[in-house]
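# just to be clear, the model below is a prediction. Sequence and coordinates:
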Amino acid sequence: MNICVLGSLNVDLMISTDRLPVKGETVHGNDGDYLLGGKGANQAVAASRMGIETNMIGCIGQDTFGDKILKYLRVVLVKSF
C-alpha cells in the first residue's frame, strides 16, 4: 500500500525570553530554535513511520528553510522503511 499526502510544509521559529512583553514593548530573546512540520508533513511522517510507502506534495521556498524541510523529509521518510 502507498499514499500521497497533499498538504502544508512549514517551519515554526521559537525564541525564548525571560518574560512576556507588555503591549508595545520589545524584549530581547535568549535562545532560538525552529520546528519543522505542517499538517501535511506531519501526516506524511506518521504514515511513513507506520510502514506505508509515502509521497508528499507541497510547496516550499527556495531558501534555507525550504532546504531544511527537504532534508528532514528525505531522512525521515527513507529511514522509516
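Ah, there it is.

# is the closest residue to residue 68 other than its chain neighbours bridged to anything, and to what?
The shortest distance from residue 68 to any non-neighbouring residue, by CB to CB, 6 or more residues apart in numbering, is to residue 36 (6.4 Å). In short, each C-beta sits where N, CA and C put it, glycine included. Residue 36 forms beta bridges with residue 11, as assigned by DSSP bridges.

# relative to residue 23, how far out is residue 36?
Distance from residue 36 to residue 23, counting by CB to CB, to the nearest Å: 31 Å.

# between these two, which one's more packed in?
Higher neighbour count among residue 36 and residue 23: residue 36, with 18 against 4, using other CB atoms under 10 Å.

# which residues of this protein fall in strands?
Ranges of strands within the chain are 2-6, 10-15, 32-37, 53-57, based on DSSP state E.

# how about these in a markdown table, adding distance to residue 76 and mean pLDDT?
As requested, those are exported to a markdown table (distance: least, CB to CB, whole Å; pLDDT from 0 to 100):
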| stretch | distance to residue 76 | mean pLDDT |
| --- | --- | --- |
| strand 2-6 | 13 | 92 |
| strand 10-15 | 15 | 93 |
| strand 32-37 | 9 | 91 |
| strand 53-57 | 10 | 90 |
